[in-house]
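Peer 1: pasting the sequence and the predicted model now:
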Amino acid sequence: MSDTLKIKEGDYVILKKGKNLVLAQALCKRKVNLERKYFVLDPLIGDNYGTSWEITKRSIKKVEEDQKSDDGDTAESTEVGDNRNIVDDNTAQKLSHDEILALKKDGMKGEKLIEQIVENSATFKEKNVYTQEKYIKKKKAKHLPIFTILKPTTRLLCSMYHAKTSPKIVLLRYDTVAQILALGNVHANMKALVVESCTGLLLGAIMDRMGGLGTLVQLFNGDAPTRTALDGFNFSEEHMKVLHSFPLNQANSLRIKTGKTSSEIGQTVEPLPAVTEEEKSCDEEARPCKKQKIDSGSENDNQQGAKTLSTSETEGQSEVSIEQTCTNKDRIADSNSDVAMATDTKESIQVSNNMDVDVPIEGDDGQLKRKWIVYPERQARREKKRKELDAARCIIEEGNFDVLIIACRFEPCPMVMKLLEFLSPSRPFVVYCQCIEPLYECFSKLRESREVVNMKITETWLREYQVLPARTHPMNTMSGSGGYLLTGIKVAKT
Amino acid sequence: MSFINYSEKIREKDTVILYLGLDDTLTFKVKAGNTHQTKYGAVRHSDLIGKRYGTKVTCVGGKGWVHVLHPTPELWTITLPHRTQIIYSIDISMITLQLDLKPGSVVCESGTGSGSLSHALIRTIAPNGHLYSFDYHNQRVEKARQEFDDHGIGHLVTVECRDVCKDGFGLDHIADAVFLDLPCPYDVIEAAKRTLKAPGGRMCSFSPCIEQVQKTCEKMSGCGFVEITTIECIARNYDVKTVQLPAPDMGPVETETRTQPGDRKSVV
């Protein structure tokens, strides 16, 4: 495998300082933030992953291999001091915070600075060797702004997201991700059906394991899938082609078809009329569709295959787009009055070409003037999106999926029961939930259906250890829960 | 059938998994004319050929039925005949994640053992990666080679009979990841490091005892490895049952006071 280990411009990279991982994009002249220090990453570009860098003023400087100080975990103690005479009253360190800052400003840094601090500590000599090591390590972490640059991998991204924004990824811990990938038998050249609420993290992990080969269909909630975490994987355009999207709120309209292949796309799918409609409220899952929503940038960043449905006002022209209904009945959007805004409306919202702004249109009956201006590029984009939607629908209705993976913030049961029909027999499914109770319901319903075997609900217990000579013990804190998994194998209906 | 690509129908020479119940599975290679005995009766191989994986098969003798499943590394792990202590899916999944494996990765492992981890590694690195596996037991090496060929993955793995502790790996700078499951992994760290590609790679050692872990970490640190972490991962199973808890009999509830000391009225 020829893996490019040189940092390219535009790559997402991980900055590691101690236990802290930060994801940043390596763009020229773009400042990044690491523990309240701001600097550009320009010197990194073209260099190797795995190198260490020191933060200086607004930029960074490479730390050469020989300059790197060792971790200092190699102390072997023969004499053991102890803390019987040490009183913790903050008077041990002679240098004040300001004095240390002054030293730093004068240019003293690195080992020398640490030496100074150690010298000025009245109690340092009394401590035992291990405590001294720990003290020096702590001072280094505080005063030496050095980080390592790493290539993002599933492992690093999962650890990072779990440590920082765990609720955004439905509390999915990295060992649970590992389990999902293994129990789902995720491999290249497979067809996977995924519903996830992890901002694309689980999608990325699955795509990584598929290596750009196969098909992956995501059912997303809302107007467009949120896939910010996917950026960190640095997938090429070619690799991204495996990914298809389909809106979850049309899932109930999907019917498994036999004997139809993806090559028949466009011939059998009924064309959708190009009209807009007001969004109705969703009643299937008792969740109201967002009627008013200004799409935030993050939601619209990734529009591959995403269907953005909205009516927008851009400098007075109307945007004609296709609406998704939340009803179970029709796949085709009902026609409604097309929205056309006159050029002289008061609400002129400036939007870029990429963003569509959702504006309530219910109160607009008073409009007297109606103009319909359609721009060819927007028309082409809409056509493209419609084709992608139809293609995704075809792929799903073909069935023959090799795995069904659900990791959502919604009730899993309705999704599992509906989507199981698209899974081939003798294929696994994995349902993740942050709480165990919803999985009990799934378990019971699936058992009644007699369509699954080998069902298990599991939880993984993950413990990290500090392993040092004479200082080996489990870490003092441990994650309490990484969520629960319901797994099983679908079989032919009995 | 192969462990790296799903097939729809059962064919002659396929390795299939018979599912009898929870964690009750067995495996055999399909050969027309053969019959396999199970606790629910006999399963004729000829009955299976041409059927879809996932079908329910009624056993001859009418005592019950079984399901025929397509093999996967996870099913293989719970079904395979043990020749050594094996690594189970919970650890396998963690190892795969921590070694940053994906299609195209090149991995070195020692020892091969019963091939439980090997099957999972090959599944992950297919179709264009490679696994170099070493074991010092000749018979195990032969059996592993045979199994990999039967399972349609022989082209992705090279098994060699070799004592890596004494003779090293014989491979220089080709691997993205190295995995060690040995009694003395600390003796092999230097040699293992040489197999890793020049810019770097990941190494993992699996040990049951903390003393082995300590020595290995020390050696790794000494050889220049960084980001050394030690983790333990255990799976807890939940059993879903409807349980009726009967109400406790604490005697009748008193509504009248006593008429005499020691005398109580009962209310039924």
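Peer 2: Sure thing, it's come through. Residues are numbered from 1 along each chain as shown, chains lettered A, B, ... in the order given.
Peer 1: can you pull out the helices in the chain?
Peer 2: Chain wasn't specified; assuming chain A. A:97-105, A:111-119, A:129-143, A:154-165, A:174-183, A:201-210, A:237-240, A:297-300, A:376-398, A:412-419, A:437-449 (DSSP state H).
Peer 1: my question was about chain B, not that one.
Peer 2: Using DSSP H, the helices of chain B run over residues B:45-48, B:73-79, B:89-98, B:116-125, B:138-150, B:164-167, B:189-195, B:210-222.
Peer 1: quick one: closest of these to A:L254.
Peer 2: helix B:73-79 (28.2 Å; CB to CB). Every C-beta, even on glycine, is put in place using the N, C-alpha and C of the backbone.
Peer 1: now that closest one - C-alpha only, PDB.
Peer 2: The C-alpha trace of helix B:73-79 is given here as PDB (Å, rounded to 0.1, in the frame of the first residue of the first chain):
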ATOM      1  CA  PRO B  73     -14.500 -14.500  10.500                       C
ATOM      2  CA  GLU B  74     -16.700 -13.900  13.600                       C
ATOM      3  CA  LEU B  75     -18.700 -17.000  13.100                       C
ATOM      4  CA  TRP B  76     -15.500 -18.900  12.300                       C
ATOM      5  CA  THR B  77     -13.900 -17.800  15.600                       C
ATOM      6  CA  ILE B  78     -16.700 -19.300  17.700                       C
ATOM      7  CA  THR B  79     -16.900 -22.400  15.500                       C
END
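Peer 1: can you list the weak-confidence ranges in the chain?
Peer 2: Here I'm looking at chain A. For chain A, the stretches flagged by pLDDT under 70 are A:1-4, A:65-80, A:258-372, A:494.
Peer 1: looking at chain B here, not the other one
Peer 2: In chain B, residues with pLDDT under 70: B:256-268.
Peer 1: longest single strand anywhere in it?
Peer 2: The residue-count maximum for a strand in chain B (DSSP state E) belongs to strand B:230-238.
Peer 1: state the distance from the residue nearest to A:I169 when sequence neighbours are not counted to A:T131.
Peer 2: Nearest in space to A:I169, with sequence neighbours left out and distances taken as CB to CB, 6 or more residues apart in numbering or on different chains, is A:C198 at 4.1 Å. Counting by CB to CB, to the nearest Å, the separation of A:C198 from A:T131 is 41 Å.
Peer 1: again, but for A:T472
Peer 2: 17 Å.
Peer 1: who's more crowded, the two?
Peer 2: A:T131 (19 against 15; other CB atoms under 10 Å in any protein chain shown).
Peer 1: farthest residue from the center of chain A?
Peer 2: Using CA atoms, centre = their mean, the residue of chain A lying farthest from its centre is A:N85. It sits 50.6 Å away.
Peer 1: output the set of residues of the stretch 101-250 of chain B in proximity to chain A.
Peer 2: Neighbours of chain A within the stretch 101-250 of chain B, by CB under 8 Å from any CB of the partner chain: B:102-106, B:120, B:123-124, B:126-129, B:176, B:199-200, B:210, B:213-214, B:217-218, B:221, B:228-238, B:240.
Peer 1: got a list of what the spatially most central residue of chain A touches?
Peer 2: By CA atoms, centre = their mean, chain A has its centre lying nearest to A:A229, at 2.7 Å. By CB atoms under 8 Å, 6 or more residues apart in numbering or on different chains, A:A229 lies in contact with A:157, A:161, A:169, A:198-201, A:203-204.
Peer 1: by neighbour count, which of these wins?
Peer 2: A:L201 leads these on contacts (other CB under 10 Å) with 30 neighbours.
Peer 1: hmm, stretch B:74-92 touching chain A?
Peer 2: Yes: counting by CB under 8 Å from any CB, contacts between stretch B:74-92 and chain A involve B:74, B:89-90, B:92.
Peer 1: mind listing what's buried in the lengthiest strand in chain A?
Peer 2: Using DSSP E, we find that the single longest strand of chain A is strand A:452-466. Of the residues in strand A:452-466, A:452-462, A:465 count as buried by neighbour count, 16 or more other CB atoms under 10 Å in any protein chain shown.
Peer 1: hmm, back to that, pick out the most distant pair among the residues of stretch B:74-92 next to chain A.
Peer 2: The span of the residues of stretch B:74-92 next to chain A, defined through CB to CB, is set by B:E74 and B:I90 at 10.2 Å.
Peer 1: show me which of the two is the more surrounded one.
Peer 2: B:E74 (24 against 21).
Peer 1: burial of A:C413, as a residue count?
Peer 2: 20.
Peer 1: returning to that earlier point: ok, now which ones touch the nearest residue to the residue farthest from the centre of chain A once chain neighbours are set aside?
Peer 2: Distances taken as CB to CB, 6+ apart place A:E126 nearest to A:N85, at 6.3 Å, with adjacent residues excluded. Taking CB under 8 Å, 6+ apart, we find A:E126 in contact with A:81, A:83, A:85-86.
Peer 1: highest neighbour count among the residues you listed?
Peer 2: Top of those by neighbour count (other CB under 10 Å): A:G81, with 18 neighbours.
Peer 1: surely that residue touches A:Y130?
Peer 2: No: assessed by CB atoms under 8 Å, A:G81 is found out of contact with A:Y130, at 9.8 Å.
Peer 1: how close does the residue lying closest to B:L99 once chain neighbours are set aside sit to A:W53?
Peer 2: Nearest non-adjacent residue to B:L99, counting by CB to CB, 6+ apart: B:A177, 4.0 Å away. Look at B:A177 and A:W53: by CB to CB, they are 26 Å apart.
Peer 1: one more: A:V40?
Peer 2: Here the criterion is CB to CB. By it, A:V40 lies 11 Å from A:W53.
Peer 1: any idea what A:V194 is bridged to?
Peer 2: A:Q218, A:I405 (DSSP bridges).
Peer 1: surely B:I174 is in contact with B:K197?
Peer 2: Yes: assessed by CB under 8 Å, B:I174 is found in contact with B:K197 at 6.7 Å.
Peer 1: can you report phi and psi for residue 88?
Peer 2: Answering for chain A, as no chain was given. Here is the backbone geometry of A:D88 (degrees, to the nearest 10): phi -90, psi 90.
Peer 1: actually, chain B is the one I wanted.
Peer 2: The phi/psi pair for B:Y88 (degrees, to the nearest 10) is phi -90, psi 170.
Peer 1: so who does it touch?
Peer 2: Applying CB under 8 Å, 6+ apart, the residues near B:Y88 are B:77-78, B:116.
Peer 1: mind redoing it with 7 Å?
Peer 2: By CB atoms under 7 Å, 6 or more residues apart in numbering or on different chains, the contact list for B:Y88 reads B:T77.
Peer 1: for it, give its distance to chain A.
Peer 2: Per CB to the nearest CB, to the nearest Å, B:Y88 is found 10 Å from chain A.
Peer 1: residues near residue 237, how many?
Peer 2: As the question left the chain open, I've gone with chain A. Neighbour tally, A:E237, other CB under 10 Å: 7.
Peer 1: think we crossed wires, I meant chain B
Peer 2: A count of neighbours around B:N237, defined by other CB under 10 Å, yields 10.
Peer 1: just list whatever residues bridge to it.
Peer 2: Bridge pairing for B:N237 - DSSP bridges - gives A:T458.
Peer 1: quick check: it touching A:K456?
Peer 2: Yes: if you go by CB atoms under 7 Å, B:N237 and A:K456 touch, sitting 6.0 Å apart.
Peer 1: tell me which two in the contacts of A:A229 are the farthest apart.
Peer 2: A:Y161 and A:L203, at 12.6 Å, using CB to CB across the contacts of A:A229.
Peer 1: for A:P247, name its beta-bridge partners.
Peer 2: A:F220.
Peer 1: count the neighbours of B:E218 for me.
Peer 2: For B:E218, using other CB under 10 Å, the count is 18.
Peer 1: same check on the one 4 residues further on?
Peer 2: The burial metric for B:G222, expressed as a neighbour count using other CB under 10 Å, is 12.
Peer 1: which residue is the nearest non-sequential neighbour of B:F206?
Peer 2: B:D181 (4.7 Å).
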